[in-house]
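[1] sequence unavailable; structure follows:
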Ligand code: SAH
Ligand code: SF4
């Protein structure tokens, strides 16, 4: 990695120390960054010029630049972001209209990356195709949110850690980022509006259960038994299904909050109705929501989404077998490869989009 100046937002603002600077000046810098979204010292117009220059000399403020911005027909926007060491990640901004007639409001959800690539190698996923390049730093996680908020011109309502990478494999950078995301003096998004998705890193789920804020947890289940999960998720050999379900129980016990079981439907792999029964059984055991996601095709991989009739029968059976709450999520951003699991390392993206 190219050694730059240290990145200021890698550190919590409470710990910022600028030689000899009074605290109101530090507070001004914090306001520029977290309230105004300015990642450029030269634009901090209420700071004296020599101070701006001094800060500029010692610190980097911009963790990434937007290398490409793509909008989809449904106005989902995908940002290809170039990090300081020239690695690429992506984040995706998804608007959704909520509410009833008369009081409809558009809510913005940002899908955030936590790693460059992913080490866990789920066989259906684009992000894991080339393994893990590196973890993102705290500032690189925060930077995605600050930049997307600037691009959107308004606040971001929800965060889902479902971009590139496995969030629970990068807790040392993610936890300090979450602290700043949650802080009203930082990004200021409430815990109930933040979802972490994991493929099932059991010990890390138990670690996360100790985190004080009530962030939401989604488990990428994708199979009702070990045999099915083993076919597509190598992580299941390390942490088999029953260990995963037990960890979920402990998490729920500590939190008293419903979790979500995500289940992508892949034709001929995990869409058999016997799997629907098993999924309903696990959902009942955990009192968990079920989110069914028809598979998004990934270029270069042979997996396919089931026919719509099969998807509907699968959903009907999960409902009939009394899973507490079932949703079927039709992806947004499909046409720009911005849907779940379609985020992949830049080389491909660039070539494909040329
Ligand atoms: N690593 C974490 C979070 C990132 S992936 C995890 O695996 O949970 C976010 C979600 O997208 C996961 O549920 C993942 O299984 C799903 N996903 C991956 N590839 C997909 C694809 N091609 N189509 C639909 N969902 C996919
Ligand atoms: Fe990694 Fe999640 Fe993709 Fe699996 S689904 S390879 S854990 S990003």
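    Good, I have the coordinates. Please read these numbers as outputs of a predicted model, since none were measured by experiment. Ligands and ions are numbered 1, 2, ... in the order given.

[2] would you tell me which strand is longest in this structure?
    Once the chain is assigned using DSSP state E, the strand that runs over the most residues is strand 88-98.

[3] so for that strand, what's the average pLDDT?
    Averaging pLDDT along strand 88-98 gives 88.

[4] cool, stretch 60-69 as well?
    95.

[5] repeat for stretch 218-229
    Here the average pLDDT along stretch 218-229 is 98.

[6] what does stretch 313-333 give?
    Averaging pLDDT along stretch 313-333 gives 89.

[7] residues in contact with it?
    The list of residues contacting stretch 313-333 from outside it, by CB atoms under 8 Å, 6 or more residues apart in numbering, reads 72, 74, 76, 78, 92, 94, 96, 258, 265, 271, 273, 275-277, 279-281, 283-284, 287-294, 296, 306, 311, 338-340. All C-beta atoms are positioned from the backbone trio N, CA, C, and that covers glycine.

[8] given the longest strand of the chain, what are its sheet partners and their directions?
    Using DSSP bridges, strand 88-98 pairs in its sheet with strand 77-83 (antiparallel), strand 105-111 (antiparallel).

[9] wait, which of those strands is closest to ligand 2?
    Ligand 2 lies closest to strand 105-111 among the strands paired with strand 88-98, at 11.6 Å (CB to the nearest ligand atom).

[10] and that closest one, how far out from the chain's middle?
    13 Å (CA atoms, centre = their mean, to the nearest Å).

[11] ok, then the element right after it?
    Downstream of strand 105-111, the first helix or strand assigned by DSSP states H and E is strand 115-117.

[12] distance from the chain centre to that following strand, please.
    The mean C-alpha position of strand 115-117 is separated from the chain mean by 12 Å, CA atoms, centre = their mean.

[13] quick thing: my sequence starts at 809, can you match it?
    Noted, 809 is the first residue going forward, which turns the last one into strand 923-925.

[14] pairing partners for it, with directions?
    Under the rule (DSSP bridges), strand 923-925 has strand 940-943 (antiparallel) as partners.

[15] any residue of the partner strand touching ligand 2?
    No: Strand 940-943 lies apart from ligand 2 when judged by CB under 6 Å from any ligand atom; the minimum separation is 8.7 Å.

[16] other SSEs contacting the helix or strand following that strand?
    Per DSSP H and E, strand 940-943 leads on to helix 946-960 as the next helix or strand towards the C-terminus. Packing partners of helix 946-960 (3 or more CB pairs under 8 Å, 6 or more residues apart in numbering; DSSP states H and E): strand 872-879, strand 885-891, strand 896-906, strand 913-919, helix 979-990.

[17] how near is the closest residue to ligand 1 within the stretch 809-958 of the chain to residue 1028?
    Here the stretch 809-958 of the chain gets closest to ligand 1 at one residue, residue 933, 3.8 Å apart by CB to the nearest ligand atom. Distance of residue 933 to residue 1028, given as CB to CB, to the nearest Å: 9 Å.

[18] ok, now residue 1107?
    21 Å.

[19] please apply the same query to residue 905.
    Taking CB to CB as the measure, residue 905 and residue 1028 are separated by 27 Å.

[20] swap in residue 926?
    For residue 926 relative to residue 1028 (CB to CB), the value is 12 Å.

[21] what does the stretch 909-1058 of the chain put close to ligand 1?
    Checking the stretch 909-1058 of the chain against ligand 1 by CB under 6 Å from any ligand atom, the hits are 932-933, 970, 974, 1005-1007, 1028.

[22] max pairwise distance over the residues you listed: which two?
    932 and 1006 (16.0 Å; CB to CB).

[23] re earlier: higher neighbour count, residue 905 and residue 1028?
    residue 1028 (26 against 8; other CB atoms under 10 Å).

[24] in this structure, which residue is most central in space?
    The centroid of the chain falls nearest to residue 969 when counting by CA atoms, centre = their mean (1.6 Å).

[25] the closest residue to that residue other than its chain neighbours: neighbour count?
    Excluding its sequence neighbours, the residue lying closest to residue 969 (CB to CB, 6 or more residues apart in numbering) is residue 975, at 4.2 Å. The tally of other residues near residue 975 (other CB under 10 Å) stands at 28.

[26] pLDDT at residue 975, what is it?
    98.

[27] ditto for residue 1107
    Looking at residue 1107, its pLDDT is 84.

[28] got the contact list for residue 1085?
    Residue 1085 touches 1032, 1125, 1129, counting by CB under 8 Å, 6+ apart.

[29] from these, pick the one nearest ligand 1.
    For the contacts of residue 1085, the minimum distance to ligand 1 (CB to the nearest ligand atom) is 14.9 Å, reached by residue 1032.

[30] how close does the closest one sit to ligand 2?
    According to CB to the nearest ligand atom, to the nearest Å, residue 1032 and ligand 2 sit 17 Å apart.

[31] ranges for the helices of this structure?
    831-838, 857-866, 946-960, 979-990, 1010-1017, 1034-1040, 1043-1046, 1049-1063, 1081-1094, 1116-1128, 1154-1161 (DSSP state H).

[32] isn't the residue nearest to the centre of the chain right next to residue 1005, touching?
    Yes: Residue 969 lies in contact with residue 1005 (CB atoms under 8 Å); the separation is 5.9 Å.

[33] mutual contacts of those two, please.
    Common neighbours of residue 969 and residue 1005, counting by CB under 8 Å, 6+ apart, are residue 975.

[34] follow-up on the earlier one: ligand 2 next: which of the residues of the stretch 909-1058 of the chain next to ligand 1 are close?
    Checking these against ligand 2 by CB under 6 Å from any ligand atom, the ones in range are 933, 974, 1007, 1028.

[35] that concludes my questions; thank you for your assistance.
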